[in-house]
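Student: Structural data only, the sequence is not supplied:
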């Protein structure tokens, strides 16, 4: 099941956020209890990933064994409202949790979405999210894609305005008959306001991506941005808010027209965020920009921005997170040694990275029910054929599928390369390679160093060509030394 807050869980971007402020004293040191039952279970445990770390999918993992009848109980620290992902096998559900919640969750592992039943303290908020999702995220009439995006400006804005009006009425009706916290009210309102703002902001770009002609915009089209409260209290937990901020600052950075966009992109983003955001919102976005800079930016800029962030940040949670990212960047960044691992293969053998010493390795990570991962699987044979002359070892790690099912699928699909198994999101290899989203791909040189931490996907039109070019460039460079 996918709440509105979960839009980025299946895409390439991967950052959850924290509620604006430090939380009330009444919530300090709080806990939440989740009980439930999983029928037709596919494993012997259930995992709750609490997204406590700002601007990241990192957080606290809590795993508990299922009883013989599939029942479980989890009691976790929840100091303020936050999101958590309840995971069993390849399926998961997002939950909105507050201190004091005592939520009962019951599902059938064979049909997670339609079998979900909730009750107890916390039911009202999560039931609202379920109903909101079903009405506004699943009904095509309310979606930008596939058809509304092709409307001209006037009719597209009419569509957005009518959708926002319907969403506001939905929330107002809900609040008249249900008592919820001010935090949840702000969270729900942010979903409406920033979904509207983000869809309006990205109208042109999305239309181009789906092959439509760029619309002719009125001179005042982007004036609505002046009315958006970038520092809206209570918005920071909501993914729609983060989606908007990501696109808004990208839009602003392009407006700045830096002399060298490729080199100056992240420093420009960093500067704009410092100018326009305040408090925790500023800390959160700077954290996100730094995390991306550590992976994809120019190393001297990353070092300079990190030093500045240490002076500017107000929230120690963000500082701890970025410091960890910086250390991870030094560990998983370009030129660092690839982390060693040993995993079970589809052939039943234990396979280590060291087995491929002195060889070029293309290492990928897939997760069950990841749409982009499925696309890459379909393209994998052709991808391997295109790279056959380059002497590259293809290693693919699948995460979260039942082992026997995974093994049978690999045999049936006859995918090339070496296929390895990781049972769930808590696997050490995911931490060592800082895998926050799926799919993810790395290129490892024969000497064991990482030469690409964001390698092209097999399903990308230029995937094989880009990988071949990267390998040739590395070998030519090595030959000159």
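Tutor: Arrived safely, thanks for sending. Model, not experiment: these values are computed from the prediction.

Student: how about residue 406, phi and psi?
Tutor: Reported as degrees, to the nearest 10, the phi and psi values for residue 406 are phi -60, psi -50.

Student: which residues sit in contact with it?
Tutor: Residues in contact with residue 406 (Cβ atoms under 8 Å, 6 or more residues apart in numbering) are 346, 368, 398, 421. C-beta coordinates here come from the backbone N, C-alpha and C atoms, glycine included.

Student: quick one, what contacts the second one?
Tutor: Spelled out, that is residue 368. Residue 368 touches 90, 398-401, 406, counting by Cβ under 8 Å, 6+ apart.

Student: Output those residues as JSON lines; include the columns distance to residue 159, secondary structure and pLDDT.
Tutor: Output for the contacts of residue 368, formatted as JSON lines (distance: Cβ to Cβ, whole Å; DSSP: H, G, I helix; E, B strand; the rest coil; pLDDT from 0 to 100):
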{"residue": "90", "distance to residue 159": "35", "secondary structure": "coil", "pLDDT": "82"}
{"residue": "398", "distance to residue 159": "40", "secondary structure": "strand", "pLDDT": "95"}
{"residue": "399", "distance to residue 159": "38", "secondary structure": "strand", "pLDDT": "94"}
{"residue": "400", "distance to residue 159": "37", "secondary structure": "coil", "pLDDT": "88"}
{"residue": "401", "distance to residue 159": "39", "secondary structure": "coil", "pLDDT": "86"}
{"residue": "406", "distance to residue 159": "42", "secondary structure": "helix", "pLDDT": "92"}
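
Student: For residue 450, state which of those residues is nearest.
Tutor: Of all the contacts of residue 368, residue 450 sits closest to residue 399, with 19.6 Å by Cβ to Cβ.

Student: which regions of the stretch 351-481 of the chain lie under the pLDDT threshold?
Tutor: Along the stretch 351-481 of the chain, the model assigns pLDDT under 70 to residues 480-481.

Student: just to revisit the earlier point, any of the contacts of residue 368 buried? List them.
Tutor: With burial judged by 16 or more other Cβ atoms under 10 Å, the buried subset of the contacts of residue 368 is 90, 398-401, 406.

Student: for those residues, which one is nearest residue 427?
Tutor: For these, the nearest to residue 427 is residue 399 (6.6 Å; Cβ to Cβ).

Student: the strands in the stretch 201-350 of the chain, which residues?
Tutor: Under the criterion DSSP state E, counting those that start in this stretch, the stretch 201-350 of the chain contains strands at 342-345, 350-352.

Student: Just the buried residues of the longest one, please?
Tutor: For strand 342-345, burial by neighbour count (16+ other Cβ under 10 Å) applies to 343-344.

Student: who does it touch, helix- and strand-wise?
Tutor: strand 350-352, strand 418-422 (3 or more Cβ pairs under 8 Å, 6 or more residues apart in numbering; DSSP states H and E).

Student: count of neighbours near residue 180?
Tutor: By other Cβ atoms under 10 Å, the residues close to residue 180 number 15.

Student: and it, helix, strand or coil?
Tutor: Here residue 180 is recorded as coil under DSSP: H, G, I helix; E, B strand; the rest coil.

Student: In TSV: the contacts of residue 406, plus distance to residue 59.
Tutor: Listed next are these as TSV, based on distance: Cβ to Cβ, whole Å:
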residue	distance to residue 59
346	30
368	21
398	23
421	24
